[in-house]
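Student: Take this sequence and fold it.
(chains A, B, C and D)
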There are 4 protein chains.
Amino acid sequence: MIIVVSPEATPDDIDVIIKRIEETGRQAHLSVGQERTIIGVIGSDEPGLEDIFQALPRVESVHRVTRPYKLASREFHPADSVIDVGYGVKVGGTELAIMAGPCSIENEEHIFDSARAVKAAGANILRGGAFKPRTSPYTFRGLGEEGLRYLHAAGKAHGLPVITELMSVRDIDAVCQYADIIQIGARNMQNFILLDEVGRAKKPVMLKRGLSGQIEEWLLAAEYIMAQGNPNVILCERGIRTFETAYRNTFDVNAIPLVRELSHLPIIADPSHGTGKASLVTPVAMAAIAAGADGLMIEVHNNPDHALSDGAQSLTYERFASMMRSVGAVAAAVERTLPGVWAPASA
Amino acid sequence: MIIVVSPEATPDDIDVIIKRIEETGRQAHLSVGQERTIIGVIGSDEPGLEDIFQALPRVESVHRVTRPYKLASREFHPADSVIDVGYGVKVGGTELAIMAGPCSIENEEHIFDSARAVKAAGANILRGGAFKPRTSPYTFRGLGEEGLRYLHAAGKAHGLPVITELMSVRDIDAVCQYADIIQIGARNMQNFILLDEVGRAKKPVMLKRGLSGQIEEWLLAAEYIMAQGNPNVILCERGIRTFETAYRNTFDVNAIPLVRELSHLPIIADPSHGTGKASLVTPVAMAAIAAGADGLMIEVHNNPDHALSDGAQSLTYERFASMMRSVGAVAAAVERTLPGVWAPASA
Amino acid sequence: MIIVVSPEATPDDIDVIIKRIEETGRQAHLSVGQERTIIGVIGSDEPGLEDIFQALPRVESVHRVTRPYKLASREFHPADSVIDVGYGVKVGGTELAIMAGPCSIENEEHIFDSARAVKAAGANILRGGAFKPRTSPYTFRGLGEEGLRYLHAAGKAHGLPVITELMSVRDIDAVCQYADIIQIGARNMQNFILLDEVGRAKKPVMLKRGLSGQIEEWLLAAEYIMAQGNPNVILCERGIRTFETAYRNTFDVNAIPLVRELSHLPIIADPSHGTGKASLVTPVAMAAIAAGADGLMIEVHNNPDHALSDGAQSLTYERFASMMRSVGAVAAAVERTLPGVWAPASA
Amino acid sequence: MIIVVSPEATPDDIDVIIKRIEETGRQAHLSVGQERTIIGVIGSDEPGLEDIFQALPRVESVHRVTRPYKLASREFHPADSVIDVGYGVKVGGTELAIMAGPCSIENEEHIFDSARAVKAAGANILRGGAFKPRTSPYTFRGLGEEGLRYLHAAGKAHGLPVITELMSVRDIDAVCQYADIIQIGARNMQNFILLDEVGRAKKPVMLKRGLSGQIEEWLLAAEYIMAQGNPNVILCERGIRTFETAYRNTFDVNAIPLVRELSHLPIIADPSHGTGKASLVTPVAMAAIAAGADGLMIEVHNNPDHALSDGAQSLTYERFASMMRSVGAVAAAVERTLPGVWAPASA
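Tutor: Got it, this is the predicted structure:
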């Protein structure tokens, strides 16, 4: 059971609630966010308990939640969450969010050119990595803060909110300054300290599923962020690690409808990492939209063979534009629209 | 390299070819099918070799194939294969193949009622299990030959070709007598003796991917069937086994475009087993069609809670009809049609 | 709950028992073996029920079994099973069973030489494949019945029981004639028809774990064999399929103590397939014995580079002899003995 | 190829080397550690190149390394590394390292009592978590710095070096102050920023394998630490995530001999996490030592049912003492010794 405390509650009000919880023989778990405080009640859910807590002063609402994650669960928040990421772009509504751009920000000109190209093809969010998680220490690890500045400027020039990966608490201020959406990468899905920190930030966060992250663990990772007071969490399915070696990862399409069943958070599909093979990106993007995804994240590069990272899975500008046309047809079939495309009121 | 021998070749002609292969220091692998003989040339592919073999009498064609599977590869047969399964139904063309029906054939009345219901909703192939692979020896294992007779009669009454699983060489004559398509189940993907036997039969075969079958192994299993002279192989992606416990299996949507890239054989999606959860079947079916699948196999039961097997993943008649409407919208977006639905000539 | 019926029971006696079960609102599942009949009682286990069934005529014993597998469970049979495989060799006691020999029987001389070499190094069972499951149809698939005769003769000449794989019901008579232990391979762990058939045979059966077989599924596969009246089942852990590509399979050492906890059946380790890499065979063999395995199955070849199959994981004669010395030291540490090695009475 | 620069080299010397590398058309990758500088040469390894670089001033040695990890590879450092972790304890030699203690440090008295008990049973390193990675934000996350102080004091009182997990760069100073070995947990195996930071610290680091970490990725993660100048890396196999649900993780025993083949770094086994089940800990610990592990990490708790975390896999004091006797017998069989146990000089 969780208790949502009203914003006007004082520390004394909260103490009263906690004492009452403890009198019933249960434990209280306090999550003090910047906007509201939530108290988790740990112990069995007996009938009548809800009424006891609801009657206390400054208790806004009381919710029974059977899942281990609470704030992220659909039981707690039945309607779909729609997250405003800036420049008028919303993630989670009828309009799809299309995040596109190069794996790494390579230089200023390159990211500006990428922004222009992906926008022209219909993307509404610009992606680009400034801090790159690389398996080997001997490979290009990104331009760092310099890259963030280029990304920000390119987004601004083209009216696109930007998303970039945060790998460490150390860089949180810089990333918050320049990015509209903070990406938490697959390898950091259970970097709990980092989750706590982005929970304290005000920014929208996109949380990628770990390579071997179970759905429940992933939603609990989202819960870490939300428990710190940041409700603006977007999930991203990017493929899991299986025994199959024909692709880099196995895109888990089941996850999309299941996450939508269990949670109110929007979910984005990343078929670039989910397949690791450019020839599979378009069909898997179409599949993800058909299955209910709220958008896509796609790696695009003008010259994939010369990309500083992830060339094998990057689409050229032309191929990305072609993908957008295919995705648009599927989107219409499921009553979603591409960014900026007029849709009939009935949709 | 493989050499296709012309149908009129005598054993002596074939001996000549084999001797020539051996003179070049290579080995010959003979596959004598009922309609044609194929000789695999094992050894390096030097320039000029093709011409030497092509010049021999009774050699129809010579193919360089870099994949370990030959007949199943798109290099060998660039056009999509379309397989006629009877009653005018074709698998692999513009029109989708929709296989539906109960997991097990429970009794005569039940399979007739199922046939009526799935046909009314738009299915064009009837499924039903007479021999059931069950994890425990203490559960219902199917009606056997009695079930086959009911299935055949129900298909005939409603003008639907029928598909059923063959588990053992022992039952091959009975299954060939009553079924239009022989299904090889996931647990038998590498039952090589069974593959050889269905290769010798004339019937279309649907080969499910094993629980941990890699794409290459799966296409090599198809090759076993084809090497015996049966080109009528349909593949079926039915979910793989991963670390994720939130669903029974993980539907591998990547497999669909990759198989289409590597092979000319049609590929069907089974979201019932691919998810194991009725609420996920419709979105994953839509995803599979968007990704390029040539059809679906769906478990349908009038009363899933009382099904003798696989109730949790079966759709009711109503839910199946609703799924068909959703799938129809996606099909149109990818220029495919539902069975019996008129499509414009341009599609 | 399961009811063991006494051997003298007539069909009428069994009918009486079944009616009594049905009167309590439960279902009866009959397993008629050649030596005894077992009746599974399907339904809840209320107190007092045991006494009701125990009081019926010709009921030998009544067992509560909470696991889905019954005859294979340690609850049903608390003591370790020891299986006599001929030539005085027992699997499951203090003395380890060491099965060794080539992957494939290549010719008569080769299997005789292998028998001599592995016996000299301390093996007490000879292995060799006559029917080989091969991923590709274009590779050597074994000598068939000719190979079985050579294997049998080689075993006889050196006083070694022999084990070989049965892939199909078709070959069961030949394999039973020539082999002392029938091996069911990993790809056939859930070939239920084959399990039924070897259950009807009198021979000891070694059941390998499937590439993605869960422990419970594996014990249920053993139950299939036992439910047909054949209690002589030996399990074999041979590695599972995981995301790791550095070895062919991942040897699951956890399975050894867990199977010993859940079941009374002996368990053999196959580090040759469990690693797929000759350099890892000895340390993993040592680990398996330390963890409680009842023996080993090892691929040995005089010239691994020229083996017709599985050369990369085969040990030379010398390396096998060296492995036996290392295994012997670990065996002594866990109070087990190598074959034919004198052990103090107290062990 | 990598070039080890001598400690006396000035920045100018290093520039000379880099220029020479670039003149050959290759790229230089500089790793400036506190004690030595290493230059990776990226590009093809032509004959003669070694001599060119070896001849430059201030070049200590030049190594060809075919693996993607360099400093961690056995090619670079053929002899086993032995790491001094304080109080006279060495990890990687003939004497095993036995790390034991509670999952979480629960209070001062508890960790002191644990230290006494594990030392009495033969452990030579004390473990205890102050910062706990927990799947849910609503569970006990450790005592933090207070816990570190208790752990340090308990180690000091009993003459045991202590190991504890570092989860974040934020806590590195505190952990370095109180711990003798810094543990990087499985979820942080690819937290590259954290790896860089512990690479800059002087402390020994124990790097756990990730839940889905491939061997090559794991050794590259070690390379991150070593590339910053910290050679004191200990690896720890703690089980991987597979399809098997009968245990929490699958202990990968193959990894032990393979890591020893590929790398010179010591490797510890953690059968507590590797199985997640107390009844399997002892046999898997024995297996790990038989396979060549350099030591064990074991969770021990006086009252596992009341442990604040990981109770199901913790051994009681008595059971741990019993495990040590069993492990001791296996250790002797592989010519290793338990801590503090006299071994004959010949071993």
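Student: Around the residue of the stretch 1-150 of chain A found nearest chain B, count how many other residues there are.
Tutor: Here the stretch 1-150 of chain A gets closest to chain B at one residue, A:R67, 11.7 Å apart by C-beta to the nearest C-beta. (Each C-beta comes from the backbone N, C-alpha and C, glycine too.) Other residues within reach of A:R67 by the criterion other C-beta atoms under 10 Å in any protein chain shown amount to 16.
Student: In a helix, it, correct?
Tutor: No - A:R67: not assigned to a helix; according to DSSP: H, G, I helix; E, B strand; the rest coil it is coil.
Student: Go ahead and confirm it touches A:I2.
Tutor: No - applying C-beta atoms under 8 Å as the test, A:R67 and A:I2 come out as separate, 11.0 Å apart.
Student: and A:L30, what element?
Tutor: strand A:27-32 (DSSP states H and E).
Student: re earlier: could you report the separation of the residue of the stretch 1-150 of chain A closest to chain B from A:L262?
Tutor: To A:L262, A:R67 is 7 Å away according to C-beta to C-beta, to the nearest Å.
Student: So what touches the helix or strand of chain A with the lowest mean pLDDT?
Tutor: Least confident element among the helices and strands of chain A, by mean pLDDT, DSSP states H and E: strand A:27-32 (a mean of 79). If you take C-beta atoms under 8 Å, 6 or more residues apart in numbering or on different chains as the criterion, strand A:27-32 is touched by A:14, A:17-18, A:21-22, A:37-43, A:227-229, D:137-138.
Student: Based on its surroundings, how many neighbours for A:T242?
Tutor: Applying other C-beta under 10 Å, we find 27 other residues in the vicinity of A:T242.
Student: tell me the contacts of the closest residue to it other than its chain neighbours?
Tutor: Take A:T242 and drop its neighbours on the chain: the residue closest to it by C-beta to C-beta, 6 or more residues apart in numbering or on different chains is A:T250, 4.5 Å away. Counting by C-beta under 8 Å, 6+ apart, A:T250 touches A:G239, A:I240, A:R241, A:T242, A:E244, A:G274, B:I240, B:T242, B:T250, B:D252, B:N254.
Student: Equivalent analysis for A:F243, please.
Tutor: Here A:F243 is in contact with B:S212, B:Q214, B:I240, C:S212, C:R241, C:T242, C:F243 (C-beta under 8 Å, 6+ apart).
Student: Which of these sits closest to D:H301?
Tutor: The nearest member of the contacts of A:F243 to D:H301, counting by C-beta to C-beta, is C:T242 at 29.9 Å.
Student: ok, that closest one touching D:I240?
Tutor: Yes - with contact defined as C-beta under 8 Å, C:T242 and D:I240 form a contacting pair (6.4 Å).
Student: list residues touching both of these two?
Tutor: Common neighbours of C:T242 and D:I240 (C-beta under 8 Å, 6+ apart) are C:T250, D:T250, D:D252.
Student: Show me what counts as buried in the biggest helix by length in chain A.
Tutor: If you go by DSSP state H, chain A has its longest helix at helix A:317-333. The neighbour-count check on helix A:317-333 (16 or more other C-beta atoms under 10 Å in any protein chain shown) flags A:317, A:319-321, A:323-324, A:326-333 as buried.
Student: again with stretch A:27-39
Tutor: A:A28, A:H29, A:S31, A:G33, A:T37, A:I38, A:I39.
Student: Am I right that A:R260 falls within a helix?
Tutor: Yes - counting by three-state DSSP, A:R260 is part of a helix.
Student: Model confidence score at it, please.
Tutor: A:R260 carries a pLDDT score of 98 in this model.
Student: Please name the residues that touch the residue lying closest to it once chain neighbours are set aside.
Tutor: Nearest-residue entry for A:R260: A:G292, 5.5 Å, with adjacent residues in sequence omitted and distances by C-beta to C-beta, 6+ apart. By C-beta under 8 Å, 6+ apart, A:G292 lies in contact with A:I256, A:P257, A:R260, A:I267, A:V334, B:P283.
Student: Now do the contacts for the closest residue to A:I215 other than its chain neighbours.
Tutor: Closest residue in space to A:I215, ignoring its immediate chain neighbours: B:A246 at 4.5 Å, by C-beta to C-beta, 6+ apart. Each residue near B:A246 by C-beta under 8 Å, 6+ apart is listed here: A:Q214, A:I215, A:E216, A:N254, A:L258.
Student: picking up where we left off before, please convert the buried members of the contacts of strand A:27-32 into ChimeraX selection syntax.
Tutor: In ChimeraX, this line selects whichever of those come out buried by 16+ other C-beta under 10 Å:
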select /A:14,17,18,21,37,38,39,40,41,227,228,229 /D:137,138
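Student: shaky segments in the stretch 101-250 of chain A?
Tutor: Across the stretch 101-250 of chain A, nothing is flagged by pLDDT under 70.
Student: Point out the residues in it that sit beside chain C.
Tutor: A:S212, A:R241, A:T242, A:F243, A:T245 (C-beta under 8 Å from any C-beta of the partner chain).
Student: so A:I98 touches A:N124, yeah?
Tutor: Yes - between A:I98 and A:N124 there is a contact under C-beta under 8 Å: 5.6 Å.
Student: Overlap of the contact sets of these two?
Tutor: A:P339.
Student: that older thread, ok, the following helix or strand past the least confident helix or strand of chain A near chain D or not?
Tutor: Sequence-wise, the next helix or strand downstream of strand A:27-32 (DSSP H and E) is strand A:37-42. Yes - contact between strand A:37-42 and chain D is present through A:G40, A:I42 (criterion: C-beta under 8 Å from any C-beta).
Student: Export only the CA atoms of the next helix or strand after strand A:37-42, formatted as CSV.
Tutor: Sequence order places helix A:49-54 as the next helix or strand after strand A:37-42, per DSSP H and E. Listed in CSV are the C-alpha atoms of helix A:49-54, where the atom choice follows Å, rounded to 0.1, in the frame of the first residue of the first chain:
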residue,chain,number,x,y,z
LEU,A,49,-6.4,-0.4,6.6
GLU,A,50,-7.0,1.9,3.7
ASP,A,51,-9.8,3.7,5.6
ILE,A,52,-7.6,4.2,8.6
PHE,A,53,-4.9,5.9,6.6
GLN,A,54,-7.2,7.8,4.4
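Student: Who are the packing partners of helix A:49-54?
Tutor: helix A:11-23, strand A:59-63 (3 or more C-beta pairs under 8 Å, 6 or more residues apart in numbering or on different chains; DSSP states H and E).
Student: residues of it that come out buried?
Tutor: Buried, per 16+ other C-beta under 10 Å, within helix A:49-54: A:L49, A:E50, A:F53.
Student: Going along the chain, name the strands of the stretch 151-300 of chain A.
Tutor: Using DSSP state E, counting those that start in this stretch, the strands of the stretch 151-300 of chain A run over A:162-165, A:181-184, A:205-208, A:233-237, A:267-269, A:295-299.
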